[in-house]
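S.K.: Below: sequence and its predicted model.
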Amino acid sequence: MTNPIYVAIDTPELGQAKALAAAVSPHVGGLKLGLEFFAANGPAGVAALSAAGLPIFLDLKLHDIPNTVGKAVAALAPLAPAVLTVHAAGGRAMLEAAKAAASPGCKVVAVTVLTSLDGDDLAAIGVTSDPADQVERLADLARSAGCDGIVCSGEEVAAAAERWPGGTFVVPGLRPSGSDLGDQKRVLTPVDALDRGASLLVIGRPITAAADPAEAARAIAASLLSSAALPAGA
Ligand SMILES: O=c1ccn([C@@H]2O[C@H](COP(=O)(O)O)[C@@H](O)[C@H]2O)c(=O)[nH]1
């Protein structure tokens, strides 16, 4: 298996994004490009970052009517993302449309409950389930709609992995012990998330906001070596 760390390159500055990617690339398995980067740089920016030679995770969290999402996924196909996100709350038909439009080599993963939300936040938008139950419900929907996996927090990943053998479990909201949580509410350390069944670890600020991003990425990658879940060769 390859290194499970996908570093979140969250900046609108193309030059800064390229420099970060070059600095951390020996210590990560892929680059995650999200809304901030895509809004500023578009498909050409993604193509420029692809030149680093690492798999690209396009985290656009698509959420619209099925026709629109299907066509958006098709339009993104030339960028050859390894992973693409949609919102599970978009519903079954939207998830099916996304999967149908994706290239065979692209994993479509459905965001369940954002890691920046807790139970009170869910209640405020009318969701009376706690995050664990809501993740389970949306994971079952994503699976039955043909998605390849889900995005959830480290708090839910063990239960999700047990219910969905062979699924891809993307876990953001990761913080090495003692690091600043920022806007994240459901957090875990990278090694604990891996131990609990995460397939891909999304890590942004603990790497990109560090004084030495390459050293931060190296240290996190080294911390994973204690995990029994890290297959040989990672
Ligand atoms: O539930 C989610 C889904 C996606 N994200 C994204 O992951 C990174 C996390 O960045 P940090 O700096 O490590 O907090 C960011 O790009 C989010 O858009 C998430 O955090 N939670």
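M.R.: Cool, the structure landed.
S.K.: got the contact list for the longest helix seen in the chain?
M.R.: Scanning the chain for the helix with the most residues, using DSSP state H, yields helix 35-50. If you take C-beta atoms under 8 Å, 6 or more residues apart in numbering as the criterion, helix 35-50 is touched by 9-14, 17-18, 21, 31, 33, 56, 58-61, 76, 78-81. Every C-beta, even on glycine, is put in place using the N, C-alpha and C of the backbone.
S.K.: Close to the ligand: what parts of the protein are there?
M.R.: Listed as neighbours of the ligand in the chain under the rule C-beta under 6 Å from any ligand atom: 8, 10, 34, 59, 111, 114-115, 151, 172-173, 182, 184, 202-205.
S.K.: of these, closest to the ligand?
M.R.: Gly204 (2.6 Å; C-beta to the nearest ligand atom).
S.K.: Let me see the contact set for the residue nearest to that closest one when sequence neighbours are not counted.
M.R.: Excluding the flanking residues, the one nearest Gly204 by C-beta to C-beta, 6 or more residues apart in numbering is Ala8, at 3.3 Å. Taking C-beta under 8 Å, 6+ apart, we find Ala8 in contact with Lys32, Gly34, Asp59, Pro172, Val202, Ile203, Gly204, Arg205, Thr208.
S.K.: quick revisit: can you name the element that comes right after the longest helix of the chain?
M.R.: For helix 35-50, the following helix or strand on the C-terminal side (DSSP states H and E) is strand 56-62.
S.K.: which strands and helices sit next to that next one?
M.R.: Applying 3 or more C-beta pairs under 8 Å, 6 or more residues apart in numbering; DSSP states H and E, one finds that strand 56-62 makes contact with strand 30-34, helix 35-50, helix 66-76, strand 83-87, strand 200-203.
S.K.: Most tightly packed of the ones you listed?
M.R.: strand 200-203 (a mean of 26; mean count of other C-beta atoms under 10 Å).
S.K.: quick one: average confidence on the helix or strand following that strand?
M.R.: Downstream of strand 200-203, the next assigned helix or strand under DSSP H and E is helix 205-208. For helix 205-208, the mean pLDDT works out to 98.
S.K.: Show the contacting residues for Val111.
M.R.: Lys61, Thr85, Val86, His87, Ala88, Ile150, Val151.
S.K.: with those in mind, which one is nearest to the ligand?
M.R.: Ranked by distance to the ligand (C-beta to the nearest ligand atom), those are led by Val151 at 5.0 Å.
S.K.: burial count for the closest one?
M.R.: For Val151, the neighbour count with other C-beta atoms under 10 Å is 31.
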